[in-house]
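Enquirer: next comes the sequence, and after it the predicted model I'd like to discuss.
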Amino acid sequence: MRVPKGLRANIRGKRLDTAVARIIGAVQGIVPAVFPWADKIDVESNWSYVWWEQPETITLPTTDENTVTEPATAAEEAALVDGVDTAS
């Protein structure tokens, strides 16, 4: 389960525990009918919380190699797909 970042909601451990228990119970109830070969269900539970996150985008200097100056021709596109560098 994922709660959207920035959502102002009262999410407590007990609510999460209850939700997980209900999901496990639902799966346990349908497994014998839909997958009768199973002899057990493995459940992995963990709490993931981002304490601090600071994404950053660094713009690199413009060069001939990283700048689109004009639309590619069909031949240039075909060369890229075939792995041939026609610019050299």
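Expert: Ah, there it is. Numbering: from 1, shown residues only.

Enquirer: CA only for contacts and neighbour counts going forward, please
Expert: OK.

Enquirer: ok, Glu53 to Phe35 distance?
Expert: 41 Å (CA to CA, to the nearest Å).

Enquirer: who has more neighbours, those two?
Expert: More crowded of Glu53 and Phe35, by other CA atoms under 10 Å: Phe35, with 9 against 6.

Enquirer: so for that one, what's the pLDDT?
Expert: With respect to pLDDT, Phe35 scores 87.

Enquirer: I'd like the numbering to begin with 2 instead of 1 from here.
Expert: Let's use 2 as the start, then, which means that last one is Phe36.

Enquirer: where does Pro5 land on pLDDT?
Expert: Looking at Pro5, its pLDDT reads 68.

Enquirer: ok, Ala88 next?
Expert: pLDDT, read off for Ala88, is 53.

Enquirer: Val44 too?
Expert: Listed pLDDT for Val44 reads 86.

Enquirer: now do stretch 57-74: distance to the chain's middle.
Expert: 27 Å (CA atoms, centre = their mean, to the nearest Å).

Enquirer: what about stretch 6-25, how long is it end to end?
Expert: 25 Å.

Enquirer: what residues sit buried inside that stretch?
Expert: Neighbour counts over stretch 6-25 (16 or more other CA atoms under 10 Å) mark no residue as buried.

Enquirer: residues in contact with that stretch?
Expert: Residues from elsewhere that reach stretch 6-25 (CA atoms under 8 Å, 6 or more residues apart in numbering): Val44.
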